[in-house]
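Chemist: Here you go, sequence then predicted model.
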Protein chains: 2
Amino acid sequence: MTDSKRPTLMDVAQAAGVSRALVSIVMRDAAGASAATRERVLEAAAKLGYRPDSRARMLRSGRTRLLGVSFSTSHAFHAEIVDAAYAAAGLRGYELALSAVASGRSEERAAEALLDWGCEALILISSTLGNETLAAYARRVPVVSLLREDVGETVDSVSSDDRAGIRIAVEHLAGLGHRRIVHVDGGTAVSADRRRTAFREEMTRLGLEPVVVPGGATEEEGILAGGLLGASTPTAVIAFNDRVALGILESLRNGGKSVPSDMSVLGYDNSHFARLSYVQLSSVSQDGPVLAAEAVNRAIDRAEGTATPSRMVGTPHLVGRRTTAAPGAAVAT
Amino acid sequence: MTDSKRPTLMDVAQAAGVSRALVSIVMRDAAGASAATRERVLEAAAKLGYRPDSRARMLRSGRTRLLGVSFSTSHAFHAEIVDAAYAAAGLRGYELALSAVASGRSEERAAEALLDWGCEALILISSTLGNETLAAYARRVPVVSLLREDVGETVDSVSSDDRAGIRIAVEHLAGLGHRRIVHVDGGTAVSADRRRTAFREEMTRLGLEPVVVPGGATEEEGILAGGLLGASTPTAVIAFNDRVALGILESLRNGGKSVPSDMSVLGYDNSHFARLSYVQLSSVSQDGPVLAAEAVNRAIDRAEGTATPSRMVGTPHLVGRRTTAAPGAAVAT
DNA sequence: TATGTCTACTAGAACGATCTATACGAACTT
DNA sequence: AAGTTCGTATAGATCGTTCTAGTAGACATA
């Protein structure tokens, strides 16, 4: 049913009565063809429905103008990042090759597929690969780690300053008058350690007692953590991320507490659902899309040989919504 | 910093003291090499860190063993489908090439990228392309439309029976004793029309009055719809999807109604968050992952020429959780 | 001894593009 | 009139594989 073979340069050349090389020139829109023939060739190409075979093109030219991005199907916010990456890559004339880490598919597998495809650089989103593995990839092509730091000398990293994020969070709540602030941590999640210690340090810096409650990365764990909150009678919680915050909100709601009058809840990530009208979760934003664009630009700069490995750390900012207020404040309507 | 050129067949051949062709035979693990040389070649390849260049391989062999999948970064459930598709493709020795439709990136753009890459078949998830466009693609390679029907003669489709899904939903609620059931529809979303008319027909079949309230595809629209519910004093709602159901739940909660005693709420999609402990949303499941596997197998069968275009319609099933019960039932604990 | 059939291997032509080198006029110098 | 330059066009090599056709040697058969 399908046309057994797609048209090639040769077919177009014959149709237009010129050589293959000239058609190539026209298709790449390089110098060396007159306006008249250019038009004739384009016309023939359009009539045949010709599209250059990118594999052949890549093979010969060496340049693929392809950026490999590995992401996870289980992290919703990766989608937002991929979205932004497409935009940034498009601006510089690059295409993205996506490879997902999925159920039966490891990050190594995903990355190696990208390598086999001839990507000129790799962008790994919240990678969990060991530094030796990363270095091995970096020996082949430039590698940019997005939202994961401490990645070795040879690998670029674009991440968000977790310490600053936590500082902003603590200062926001302390500024509202809170004294008993609890951190529900991220358990074994990627940047959980960093945020936990940052929390301890910031709190002690302000002369407050840092209470940490074990949490995780999902709503379920937020609910569990919500139940453990009472012990220290806090007036505010900083959650590891928005999903955990959502669980905490639910747990408080079930316990008959109202937010923010009985308890302020602050999320992290400023994810899509934090913005929903009925959630209105105050949250620390890492500006994922901005970081994604930055990562893409690094990757391209490295691929084009105009840069050496570097690390960039973005500063998060606070997005205040309805779940944080002065302790005991009247319920927002 | 990066090795300027990766090793090729030639390099391995020289290192092992054999011809390129023989190395090729070993790498593909085809017949025609002795066990001894086979081992010698593999050793040399490993030492050099050789990986076959998939572009060159594809170019020459014609076969890419590549399935193109287009998905949207803005639909969370596409991730689940991609996940399942990877597994199914892996079983048959195929790789997936992903191309996202994102902010500045149309579905045409995404699909054409996949075509340029030499995919042997295309799987389009909830495509919004016109049938002429689909047919044009189908002239090049087999195309399978996933979760979108009415797609023309030349295109395969794997979808879910919306009519059956709605029937199951209506029967579930009617079986529990509900008489006044409302459907909050999907507005302009893909299968909204189908579900709406199915609802009307099923309700009248049971001698019940079919009340439809305008909705949409997101939580926000669910909240709005929730406010419009009171007019007809229903005891149960069938939402267009889980996100809308979540909005309805929220709206009911704000109005002081309790679920399911005052109102039963039924979602559609059985999405990830419907399963969360604090949501426990009853929902009609389309078995997305199962359909995905089916789509992959169709695509491969078509690509290998062992099948002609066909349409398959999966039957959804009901997943009962905590948000549906007999009218006036005691609140579940 | 001649013939055939294996197995293990190789040379060289593809695949569809790009790139380098070169040819051919026409126009412009000198 | 001969030499130079320029714009346009082409032949043929090349990228890293796979594939076809064929060779060389071992061994068995007639």
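Modeler: Right, received. Where do you want to start?
Chemist: Give me the pLDDT value at A:Ala332.
Modeler: On pLDDT, A:Ala332 comes in at 46.
Chemist: A:Thr64 contacts A:Met58, doesn't it?
Modeler: Yes. Taking contacts as Cβ atoms under 8 Å, A:Thr64 lies within contact range of A:Met58: 4.4 Å. No exception for glycine: its C-beta is placed from N, CA and C like everyone else's.
Chemist: overlap in contacts of these two?
Modeler: Taking Cβ atoms under 8 Å, 6 or more residues apart in numbering or on different chains as the contact rule, A:Thr64 and A:Met58 both touch A:Gly118.
Chemist: Any idea how many residues pack against the spatially closest residue to A:Glu95 that is not a sequence neighbour?
Modeler: Of all residues not flanking A:Glu95 in the chain, A:Leu66 sits nearest, at 5.4 Å (Cβ to Cβ, 6 or more residues apart in numbering or on different chains). When neighbours are defined as other Cβ atoms under 10 Å in any protein chain shown, A:Leu66 has 20 of them.
Chemist: List the contacts of A:Leu66.
Modeler: Neighbours of A:Leu66 in contact, by Cβ under 8 Å, 6+ apart: A:58, A:94-97, A:117-120.
Chemist: what do you get if the cut-off is 6 Å, keeping everything else the same?
Modeler: Residues near A:Leu66 by Cβ atoms under 6 Å, 6 or more residues apart in numbering or on different chains: A:95, A:97, A:119.
Chemist: Just give me the closest of those residues to A:Glu153.
Modeler: Nearest to A:Glu153 among the contacts of A:Leu66: A:Cys119, at 21.4 Å, using Cβ to Cβ.
Chemist: Show me the contact partners of the strand or helix carrying A:Gln14.
Modeler: Using DSSP states H and E, A:Gln14 sits within helix A:9-16. The contact list for helix A:9-16, computed with Cβ under 6 Å, 6+ apart, reads A:19-20, A:23, A:40-41, A:44-45, A:48, A:50.
Chemist: In the stretch 1-150 of chain A, where is pLDDT below threshold?
Modeler: Scanning the stretch 1-150 of chain A for pLDDT under 70 picks out the ranges A:1-4.
Chemist: So which bits of it are right by DNA strand C?
Modeler: With Cβ under 7 Å from any atom of the strand as the criterion, the stretch 1-150 of chain A meets DNA strand C at residues A:5, A:8-10, A:20-21, A:24, A:27-28, A:30, A:50, A:52-53, A:56-57, A:59-63.
Chemist: Swap in 6 Å and give it another go.
Modeler: A:5, A:8-9, A:20-21, A:24, A:27-28, A:52-53, A:56-57, A:59-61 (Cβ under 6 Å from any atom of the strand).
Chemist: Excluding chain neighbours, give the residue nearest to A:Ser160 in space.
Modeler: Going by Cβ to Cβ, 6+ apart, A:Ser160 has A:Gln286 as its nearest residue, at 4.0 Å.
Chemist: Could you count how many residues lie near the one you found?
Modeler: A:Gln286 has 25 nearby residues by other Cβ under 10 Å.
Chemist: Then A:Ala31?
Modeler: A:Ala31 has 6 neighbours, counted by other Cβ under 10 Å.
Chemist: Secondary structure class of it, three-state.
Modeler: Look at A:Ala31: counting by DSSP: H, G, I helix; E, B strand; the rest coil, its state is coil.
Chemist: What helices and strands are in contact with the helix or strand just after the helix holding A:Gln14?
Modeler: Going down the chain from helix A:9-16, the next helix or strand is helix A:20-28, by DSSP H and E. Packed against helix A:20-28 by the contact rule (3 or more Cβ pairs under 6 Å, 6 or more residues apart in numbering or on different chains; DSSP states H and E) you find helix A:9-16, helix A:35-48.
Chemist: Most tightly packed of the ones you listed?
Modeler: Greatest average neighbour count among the helices and strands packed on helix A:20-28 goes to helix A:9-16 (a mean of 18), per mean count of other Cβ atoms under 10 Å in any protein chain shown.
Chemist: relative to helix A:35-48, how tilted is it?
Modeler: On the basis of axes from the mean of the first three to the mean of the last three Cα atoms, to 10 degrees, helix A:9-16 is oriented at 120 degrees to helix A:35-48.
Chemist: now check helix A:9-16, is it near DNA strand D?
Modeler: No. Using Cβ under 6 Å from any atom of the strand, helix A:9-16 stays clear of DNA strand D, coming no nearer than 7.4 Å.
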